[in-house]
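Trainee: The sequence and its predicted three-dimensional model are supplied below.
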Protein chains: 4
Amino acid sequence: MDRIHEMKTPKEIVDIMMSKDQFSSWLNLKIETIDKGSCSLSCVIKKEMLNGFEIAHGGIAYSLADSTLAFAANSYGFQSFSIETSISHLVKVNEGDTLKSISNEIHRGNKTALYQIEIFNQKNKMVAILKGTVYISKIVW
Amino acid sequence: MDRIHEMKTPKEIVDIMMSKDQFSSWLNLKIETIDKGSCSLSCVIKKEMLNGFEIAHGGIAYSLADSTLAFAANSYGFQSFSIETSISHLVKVNEGDTLKSISNEIHRGNKTALYQIEIFNQKNKMVAILKGTVYISKIVW
Amino acid sequence: MDRIHEMKTPKEIVDIMMSKDQFSSWLNLKIETIDKGSCSLSCVIKKEMLNGFEIAHGGIAYSLADSTLAFAANSYGFQSFSIETSISHLVKVNEGDTLKSISNEIHRGNKTALYQIEIFNQKNKMVAILKGTVYISKIVW
Amino acid sequence: MDRIHEMKTPKEIVDIMMSKDQFSSWLNLKIETIDKGSCSLSCVIKKEMLNGFEIAHGGIAYSLADSTLAFAANSYGFQSFSIETSISHLVKVNEGDTLKSISNEIHRGNKTALYQIEIFNQKNKMVAILKGTVYISKIVW
């Protein structure tokens, strides 16, 4: 059996990533779905995530989107790193809200890929949208 | 004495913001400098901030930059909200690193302003750079 | 009859904008569709639009997307101005290609709105994607 | 003589790029300075560059910045391509204005580099700022 050519599945890769990812763990991120080039996560906004306006800090939606981006991009089996991300915060997020991310692979080339991550609250209102470019390395997971 | 027209100082505003900002508190952000349109913060990378690659999660540098942006933009005395931010992660950040942010006000109009936040590590190497646009409301702090 | 409160239609507004827009005219932009918050344009790549790699200059897809953004955002009847735009160039564009833009209104608030403009070539391949934030003024067209 | 190891100078590379670049030629771009990782260009706003508001179309400042980015990034001798660019338009640009771009290399890695291009008018007021990420190929000019 040729183990060298065996690639890990998207779920196996994300399980490895999540098992070491202490910040995603602090955020209490739940994997909703994971597939090649696609990922959905969720998290519940707790007190420790609020900013000086007593709404969720912008870094929370960003972090949820960034983890979603990382999992979607790495799911093909090659280690991939975020080069550039931009996020628009559209609607205020409050304590107790449940956020859910949905990824959309816009383009996948040999060296770079482009993803869009939408974040919705429990009322299915889009609260933030992130556009992220990743570099795809040759390093196999 | 006309108390209505008394504006709070940048330090007073940021103290109010920080006192309620539980996430910045979790990040253990320290205010290095604060002035009108200008802010510098620092934080030390702890284990809970690492991702699946065992380097700091992209959300940490983003959050540090986003808090810096918020404090710089609000320091004039009018409540201001981030509309759009983009961040480039340039250099890996490790556990124990000390990050320091420096803001640069590129443009300030009546309704919107543009800031650039650079993040450096303890070796003065730039690890990330954020460009952020804020909306300036008429609400006085 | 109260003419003051009569708002121009999206088509009337864009006809005014286009009639004065000399650069869109040089680009030979054609209006495919126009409605409230929505616009589609097309253009054919000519020799004068090529760069040093003998493919379309990045400024061409940007300009097509930026005009689409302007028309979609202004179509409600209030003058609107681009604050921030980001574009990813995904696929090379050659002389003779026909580009078509399609707008997507992601969010519309009181003061700002967010649009995404996708650009396709004649083979329906996405060649570029722009995310644009506009400021909505109170000035009626 | 080992011709294989002879790299072209920044000026030689940009002269080749400019000689074929028909759109930069239409824009009437002038090279102010060119060096490794650094470029400054200028152009004068003509009637054909105006939009429906009778100010310079956003695509003009973008194109000037994008050409500056391309020349700065390619000047090292390896063909480089823009992956992602974001631009903020800060001040209106009028017919007859002279725009000048100045590049700033923020980061240069093995595979990607990050540049910031500032655009000033003849009164030295910043009218636009672009942040651009490029992919550095192994193809020698």
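Mentor: Yep, it's here. Just so you know, these numbers come straight off a predicted model, no measurement behind them.

Trainee: what number of residues lie near A:Tyr115?
Mentor: 27 (other C-beta atoms under 10 Å in any protein chain shown). Every residue, glycine included, has its C-beta placed from N, CA and C.

Trainee: I'd like to know how far it sits from B:Ile106.
Mentor: Distance from A:Tyr115 to B:Ile106, counting by C-beta to C-beta, to the nearest Å: 28 Å.

Trainee: now A:Leu69
Mentor: As judged by C-beta to C-beta, A:Leu69 and B:Ile106 stand 27 Å apart.

Trainee: Who has more neighbours out of these two?
Mentor: A:Leu69 (26 against 18).

Trainee: Dihedrals phi and psi, the more buried one?
Mentor: A:Leu69 adopts backbone torsions of phi -60, psi -50, taken as degrees, to the nearest 10.

Trainee: Kindly report the residues of chain A close to chain D.
Mentor: For chain A, the residues in contact with chain D (C-beta under 8 Å from any C-beta of the partner chain) are A:83-84, A:86, A:111-112, A:133, A:135.

Trainee: Would you format those as a markdown table with distance to B:Lys100 and secondary structure included?
Mentor: Formatted as a markdown table, those follow (distance: C-beta to C-beta, whole Å; DSSP: H, G, I helix; E, B strand; the rest coil):
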| residue | distance to B:Lys100 | secondary structure |
| --- | --- | --- |
| A:Ile83 | 23 | strand |
| A:Glu84 | 22 | strand |
| A:Ser86 | 23 | strand |
| A:Lys111 | 32 | coil |
| A:Thr112 | 30 | strand |
| A:Thr133 | 26 | strand |
| A:Tyr135 | 26 | strand |
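
Trainee: Show me what from chain A comes close to chain B.
Mentor: Counting by C-beta under 8 Å from any C-beta, chain A sits next to chain B at A:16-24, A:26, A:47-54, A:56-60, A:62-63, A:66-67, A:70, A:79, A:81-89.

Trainee: Next step: those residues restricted to helices.
Mentor: Mapping the residues of chain A next to chain B onto helices (DSSP state H) picks out A:16-20, A:22-24, A:26, A:58-60, A:62-63, A:66-67, A:70.

Trainee: Taking these, please make a ChimeraX selection of just the buried ones.
Mentor: Of these, the buried ones go into a single ChimeraX selection, burial set by 16 or more other C-beta atoms under 10 Å in any protein chain shown:
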select /A:17,18,22,23,24,26,58,59,60,62,63,66,67,70
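
Trainee: Please list which of the ones in helices among the residues of chain A next to chain B also come close to chain C.
Mentor: Among these, no residue lies close to chain C (C-beta under 8 Å from any C-beta).

Trainee: Pick out the residue closest to the middle of chain A.
Mentor: Closest to where the C-alpha atoms of chain A average out (C-alpha atoms, centre = their mean) is A:Thr68, at 1.0 Å.

Trainee: these two touch, right, that residue and A:Glu118?
Mentor: No. Checked against C-beta atoms under 8 Å, the pair A:Thr68 and A:Glu118 is beyond contact range at 9.4 Å.

Trainee: quick one: common contacting residues for those two?
Mentor: A:101-102 (C-beta atoms under 8 Å, 6 or more residues apart in numbering or on different chains).

Trainee: Show me which residues of chain A sit near chain C.
Mentor: Within chain A, the positions lying close to chain C (C-beta under 8 Å from any C-beta) are A:86, A:88, A:90-91, A:106-107, A:109, A:114, A:126, A:129, A:131, A:133.

Trainee: just checking, which of those residues belong to strands?
Mentor: Taking DSSP state E, the ones among these that sit in strands are A:86, A:88, A:106-107, A:114, A:126, A:129, A:131, A:133.

Trainee: Assign a three-state SS to A:Glu12, would you?
Mentor: helix (DSSP: H, G, I helix; E, B strand; the rest coil).

Trainee: and it, how far is that from A:Ser75?
Mentor: For A:Glu12, the distance to A:Ser75 equals 10 Å [C-beta to C-beta].

Trainee: ok, these two, which is more surrounded?
Mentor: More crowded of A:Glu12 and A:Ser75, by other C-beta under 10 Å: A:Ser75, with 26 against 14.

Trainee: on that earlier part again, give me the buried subset of the residues of chain A next to chain D.
Mentor: The buried subset of the residues of chain A next to chain D (16+ other C-beta under 10 Å) comprises A:83-84, A:86, A:112, A:133, A:135.

Trainee: Now render these as CSV, adding pLDDT.
Mentor: Shown next, in CSV, are those (pLDDT from 0 to 100):
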residue, pLDDT
A:Ile83, 93
A:Glu84, 96
A:Ser86, 97
A:Thr112, 95
A:Thr133, 97
A:Tyr135, 95
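
Trainee: Of those, which is the nearest to C:Trp141?
Mentor: A:Ser86 (29.5 Å; C-beta to C-beta).

Trainee: Would you mind measuring from the residue lying closest to that closest one once chain neighbours are set aside to A:Ile83?
Mentor: Spatial nearest neighbour of A:Ser86, excluding adjacent residues (C-beta to C-beta, 6 or more residues apart in numbering or on different chains): B:Ser86 at 3.4 Å. Separation of B:Ser86 from A:Ile83 (C-beta to C-beta) stands at 11 Å.

Trainee: A:Ile60 too?
Mentor: Distance, A:Ile60 to A:Ile83, by C-beta to C-beta: 22 Å.

Trainee: what does A:Asn104 give?
Mentor: In terms of C-beta to C-beta, A:Asn104 sits 18 Å off from A:Ile83.

Trainee: low-scoring pLDDT stretches of chain A, where are they?
Mentor: For chain A, the stretches with pLDDT under 70 are A:1-5.

Trainee: immediately after the one helix or strand A:Ile34 maps to, which helix or strand?
Mentor: Assessed by DSSP states H and E, A:Ile34 sits inside strand A:30-35. Later in the chain than strand A:30-35, the nearest helix or strand by DSSP H and E is strand A:38-44.

Trainee: That following strand packs against which elements?
Mentor: strand A:30-35, helix A:58-74, strand A:98-108 (3 or more C-beta pairs under 8 Å, 6 or more residues apart in numbering or on different chains; DSSP states H and E).

Trainee: which residues are in contact with the last one?
Mentor: Okay, so that is strand A:98-108. By C-beta under 8 Å, 6+ apart, strand A:98-108 touches A:32, A:37-45, A:60-61, A:64-65, A:68-69, A:72, A:93, A:113-122, A:127, C:88, C:90-91, C:126, C:129.

Trainee: Next, count neighbours for A:Ser80.
Mentor: 22.

Trainee: cool, A:Asp15 as well?
Mentor: Around A:Asp15 sit 14 other residues, with neighbours defined as other C-beta under 10 Å.

Trainee: And the contacts of the helix or strand hosting A:Gln116?
Mentor: Here A:Gln116 is covered by strand A:112-120, with elements defined by DSSP H and E. Strand A:112-120 is contacted from outside by A:37, A:61, A:64-65, A:68-69, A:72-73, A:80, A:83, A:99-108, A:126-136, C:88, C:90, C:129, D:83, D:135, using C-beta under 8 Å, 6+ apart.
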